[in-house]
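In: Compute the structure for the input listed below.
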Amino acid sequence: MQAMVVYSSKTGNTQKIATAIFAAIPGDSKDMQRVEEYKGKEADTFFIGFWTDQGNCDTKIANLLSSLHGKRIALFGTCGAARDDAYYTEIVREVKKWIPADNDYLGAFLCQGKMPMQVRRRYETLASGADADPHVKAMIRNFDEALLHPDKKDEQDAAEFARKMVSEN
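Out: The predicted structure is shown next:
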């Protein structure tokens, strides 16, 4: 098989990006599965998707990445933070640590994604105190902006990333 898309999605954000990536990979020699369903299916190129968990991928994706050998690997992910190239670079740096050295790392795509409502409630609680951190209002604004993502542009950008990873590598 040419390409395998495997992803973990907590709120549906990464699944949405995985679907866009899968659709953009040319040909019929491809498959897509949630990480919980993946049973070691072989492929030349793996697109591995994750939701960001405290600046890294979740444990299931870390375990999958650690188990791959001699593969071509492209990463994609979603996180609640707004587009911040330095932060996104740091996330990719952390996730890449799980990829064994005998693989060929192709690149990464990250975009913003909505967060669970309990996150906003936690921010609101932090903002309600007399000694409230002024940064909390910015965190609430970011949360509200994240509700709109991933959007169509994010999906288009993910599809373009997938086409580029397949054609250039």
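
In: What residues sit buried inside the longest helix along the chain?
Out: The single longest helix within the chain, with elements called by DSSP state H, is helix 152-168. The neighbour-count check on helix 152-168 (16 or more other Cβ atoms under 10 Å) flags 154-155, 157-159, 161-162, 165-166 as buried. Placement of C-beta: from N, CA and C, glycine included.

In: by contact count, what packs against the host helix or strand of I48?
Out: Assessed by DSSP states H and E, I48 sits inside strand 45-51. Contacts defined by 3 or more Cβ pairs under 8 Å, 6 or more residues apart in numbering; DSSP states H and E place strand 45-51 against strand 3-7, helix 13-24, helix 59-67, strand 72-79, helix 152-168.

In: Give the closest residue to the spatially most central residue of the chain in space, chain neighbours not counted.
Out: Nearest residue to the geometric centre of the chain (Cα atoms, centre = their mean): G77, 0.9 Å. In space, and not counting its chain neighbours, G77 is closest to F50: 4.6 Å by Cβ to Cβ, 6 or more residues apart in numbering.

In: so how many other residues sit close to that neighbour?
Out: Using other Cβ atoms under 10 Å, F50 is surrounded by 29 other residues.

In: Show the contacting residues for it.
Out: F50 makes contact with 7-8, 14, 57-58, 61, 75-78, 95 under the criterion Cβ atoms under 8 Å, 6 or more residues apart in numbering.

In: separation between it and R120?
Out: Separation of F50 from R120 (Cβ to Cβ, to the nearest Å): 22 Å.

In: swap in K153?
Out: Relative to R120, K153 is positioned 23 Å away (Cβ to Cβ).

In: what's the answer for T45, then?
Out: 37 Å.

In: Looking at those two, which is more packed in?
Out: Legend: neighbour count by other Cβ under 10 Å for T45 and R120, higher for T45 (21 against 16).

In: From what I see, the more buried one and A3 are in contact.
Out: Yes: with contact defined as Cβ atoms under 8 Å, T45 counts as touching A3 (4.7 Å).

In: Give me the common contacts of the two.
Out: Common neighbours of T45 and A3 (Cβ under 8 Å, 6+ apart) are V166.

In: sorry, back to before: correct me, but the residue nearest to the centre of the chain touches A108?
Out: Yes: counting by Cβ under 8 Å, G77 does reach A108; the two are 7.3 Å apart.
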